[in-house]
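Asker: have a look; sequence and predicted model below, questions after that.
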Amino acid sequence: MARFPRNLLVGVIICLAAVGMAFAAPSGAPPPDGGDPSHRVLVLLRLAPEHFRPNGAYGDSYDDGLTRGALRRTASRLAREHGLTLVDDWPMPLLGVDCFIMTVPADRSPDKEAALLSRDPSVAWSQPVKVYHTQSGVAAHDDSLFRVQPAALEWRLADLHQIATGRNVSVAVIDSMIERAHPDLVGQVAIARDFVPGHPAGPETHGTGVAGIIAARGEGAGIVGVAPRARLMALRACWQSPPGSAHTICDSLSLAEALHFAIEHNAQVINLSLSGPPDPLLGKLIDVALAHGATVVGAYDRDVAGGGFPASHLGVVAVTEEPMETPTAGVYCAPGRDVPTTQPGGRWFLVNGSSYAAAHVSGLFALMRERAPHVRGALALVAARRGVCAIDACASVLRAAGPCDCACARKVSSIDPG
Amino acid sequence: MALFGGAGGAEAQVAVSGTITTDYRYRGVSLSDDRPALSVDLSYDADNGVYLGGSIIGGHDAGIGERILGHLEYLGYARPVGSGLTWDVGVSHATFVQYPGGIGGENNADLYTGLRTRHFNYYLHYSPDYFGGGVATLYAEAEASARPARHWRLFAHLGVLAPLHGALADRERAQYDARAGVAATFKRGELSLSVTAARPELYVPQRDALVLAVTCFF
C-alpha cells in the first residue's frame, strides 16, 4: 500500500476511534435517584504525582489520562463492591485528588455509605454531597437609582471611588448564573463557567443580583457596584430550584469545582453568598484559597448556630445584613435590606439578605486590594464603632490605601476605628 | 506490591494505555519511517512517589517491514515540593532496532531530573553514550500546556540535544526538536493533532510531520 493512502487510512481509523470514545456511554445506568445531589457521595482518590513519561505527554497536572484511567478502575471497583453507580469524576490537582461522584440507591443513607467507603484503604476520604442555600430574602418591586442604594450613604460610595474602584481585581462570584448582557453588567465578566450544565441555562436571580452589587458598571444605566472596575469570574455552581423560582441551591460538588477553578485562575476575592453544613472537601479548598492569598467572603446565616458553613470556617470573612441587634464576635454587617440591584431581563429590583451584605463586603475587599494587594482577611476591615458589626468603609479603604487628600480622609477623623 | 505499600488513603496504581499514531517520533526523529505505529504503555505508581513503566512500539521498519521497533523503560521518583511544584528524578532506557545513524539495535540510557508546575515541565537528561555514538549528551526539554476548555488541551514542546564534548553526527553541535498541538480528551482516551520538527537533520533526512494520534486508557 502506498504511504499516503496508508496514513490516510490510519488517520480515518484514529478519528473513528476518537468519535467512539466521545460517544461511549458512561458507566452504569442513569442514576436511580434521578440526579438528586443529596443522594450522592463523593469518593476522593489520591492522584499520583505527575512525572516523566518517555513516550510522550499524556496530559498535564489537571488531567493525566493515564493516571485517571487507573483511578477510574479503582472507582469502578468501589462502586461495584458497594452497589453504587459511578456517575462522573473531576480531578482536583490543587488537593492532589480525583473526585468521583457516585449515586447511592434511594433506600440507603449517603452518610453511611460515605463512612463505609472511607474505610477502604484506597480512598483518601469520602463524603456525602451536601446542599447549600443562598441567603436571600423575598425580592421586592424593582427600583434603581444610585441615591437609593444604602451603600451610597452608609458607605459613601462616591467618596470611596475617589480612592479605588477595584480596577483589575479578580472577584469570583460562585453563585447562580449571572446575566452578563444586563446593561449594568456588560463587560464586567472576564470569565464565565457553568459547573451545573444539567440544569436549565439562562440568567438567574441570585447570581445576577450579587454580581450587580459587587461590580455594576455605574455608567448611568442603573446602579453602581461597590467595585465597578473589578473583573468578575461568573462561576455558576448554583441553580434556581425549581426553575424560575427565587429559591437557589448549590451542592458540594459544584461548589468544589467552582472553588477549584477560582483558585487556579488566581481569584483575589471569592464571594460565597450561601450557607449549609460543614464540608471537608470545601473546607480544604477554602484553606488552599486562603493559602494562595485570596479573600473568601461568606454569608452568615443567623438561623444556624455558628452562622453556617462557609461563614463559620476559619479565615472566611463572615457577613450578615444590617442591623444585628446583638453583634457576634467576628461577624460583620453590611447593607442587606432593600438593596437595589440587577435582575435578569435587564431590570433592577430590591433584595434582602446576608447574601447581598456579603456581596458588599466582597466589593469592598476589591477596592482595598486594588490599592493594597496584600490585604487579606477580616482584620483589614475597620468597624464603624467599637462593639458594633457595621463597617466603616472609608476607614477600611484608607487603611489599605494610605493617607490621601480625599473626601474619605477629610471626614474620617471623627470615626473611632475600633 | 508490599514493597511500595503505604498508609491509608492511597493505593498503588497500575495504568495501561495503547496509542495509534500516524508517525512515531522520538525527540523529533521518526522511528517508524514516517509511517503509522502502535505503542502499548504500562506504568506503575506507588503511593510513596516511586514509579516505573515501559512501552513497546511496533511499526514499519524501512528495511524489513512491520515489526517491533523498540521498547522503553523508566524508573523514577516524583515528589511534590509545594506551591504546585513537583520534583522528578529517574533513569530511562530506550532500545530501538534502528536508530538513525546506528547499525542494528541501539540503546540509550538517560539519567534525568526535572521540575513540573501546573502548566510547565522542565527536564534535563544526561546520556553517557547517546545511542552508541560514543558521545555523551545533555538533552534539555521544556513543555507547556493550557486548557482553554475542560476537554481540550493545547501543548508545546521544545527540546535541544547537545554533546558534552565533540559533536553529534555530521559535526553538528546541537539538534533542536519542537512539537505543538491540540488534544481532545475523553473519558477513556485522547485524540491529538500535532506538528513536529527537528533541526538540523542528523543522520538521515527528516520531514516535518503532522501527527495524528489516538490513545486509549484502560
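Answerer: Nice, I can see it. Numbers count the residues shown, from 1 in each chain, chains lettered A, B, ... in the order given.

Asker: contact partners for the residue most central in space within chain B?
Answerer: What sits nearest the mean C-alpha location of chain B, by CA atoms, centre = their mean, is B:Y26, with 6.5 Å. Going by CB atoms under 8 Å, 6 or more residues apart in numbering or on different chains, B:Y26 touches B:94, B:96. (C-beta placed from N, C-alpha, C; glycine too.)

Asker: beta-bridge partners for it, please?
Answerer: Here B:Y26 shows beta-bridge partners B:V29, assigned using DSSP bridges.

Asker: do A:A299 as well
Answerer: A:V319.

Asker: any idea of the pLDDT on it?
Answerer: If you check A:A299, the pLDDT there is 96.

Asker: which ones are touching it?
Answerer: Contacts of A:A299 (CB under 8 Å, 6+ apart): A:134-135, A:272-275, A:311, A:319-320, A:353-355, A:357-358.

Asker: stretch A:114-133: which residues count as buried?
Answerer: Using 16 or more other CB atoms under 10 Å in any protein chain shown as the test for burial, stretch A:114-133 gives A:114, A:116-118, A:120, A:122-133.

Asker: check whether that stretch contacts chain B.
Answerer: Yes. Contact of stretch A:114-133 with chain B (CB under 8 Å from any CB of the partner chain) involves A:121-125.

Asker: does the residue in the stretch 51-200 of chain A that chain B sits nearest to count as helix, strand or coil?
Answerer: Nearest to chain B, among the residues of the stretch 51-200 of chain A, is A:G69, at 3.1 Å (CB to the nearest CB). Here A:G69 takes the helix state, with states given by DSSP: H, G, I helix; E, B strand; the rest coil.

Asker: re earlier: can you tell me how far the residue nearest to the centre of chain B is from B:S55?
Answerer: From B:Y26 over to B:S55 the distance is 11 Å, taken as CB to CB, to the nearest Å.

Asker: also A:R72?
Answerer: 21 Å.

Asker: and A:G308, by the same measure?
Answerer: From A:G308 to B:S55 the distance is 52 Å (CB to CB).

Asker: what about the two, which has more around it?
Answerer: Taking neighbours as other CB atoms under 10 Å in any protein chain shown, A:G308 and B:S55 compare with A:G308 leading, 25 against 21.

Asker: is the residue nearest to A:G209 when sequence neighbours are not counted in a helix, a strand, or coil?
Answerer: Using CB to CB, 6 or more residues apart in numbering or on different chains and skipping the chain neighbours, the partner closest in space to A:G209 is A:T341 (4.4 Å). Put simply, A:T341 is strand when judged by three-state DSSP.

Asker: and B:R35, by the same measure?
Answerer: coil.

Asker: surely A:H161 is within a helix?
Answerer: Yes. The assignment for A:H161 is a helix, going by three-state DSSP.

Asker: next secondary structure element downstream of the helix or strand bottoming out on mean pLDDT in chain B?
Answerer: Counting by mean pLDDT, DSSP states H and E, chain B has its least confident helix or strand at strand B:29-30, which shows a mean of 83. Of the helices and strands lying after strand B:29-30 in sequence (DSSP states H and E), the nearest is strand B:37-45.

Asker: parallel or antiparallel, which strands does that next one pair with?
Answerer: Here the strand partners of strand B:37-45, with direction, are listed using DSSP bridges: strand B:13-21 (antiparallel), strand B:50-61 (antiparallel).

Asker: residues of the last one that come out buried?
Answerer: What that stands for is strand B:50-61. Counting neighbours by 16+ other CB under 10 Å, strand B:50-61 gives B:50-55, B:57-61 as buried.

Asker: then stretch A:346-362?
Answerer: Result for stretch A:346-362 [16+ other CB under 10 Å]: buried residues A:348-362.

Asker: what residue in chain B comes nearest to chain A?
Answerer: Of all residues in chain B, B:F217 sits closest to chain A, at 3.1 Å by CB to the nearest CB.

Asker: and that residue, how many neighbours?
Answerer: That count, for B:F217 with other CB under 10 Å as the rule, works out to 26.

Asker: tell me the contacts of it?
Answerer: A:65-66, A:68-69, A:72, B:15-17, B:188-190.

Asker: now, which of the contacts of A:A299 sits nearest B:S92?
Answerer: Nearest to B:S92, judged by CB to CB, of these is A:L272 at 45.6 Å.
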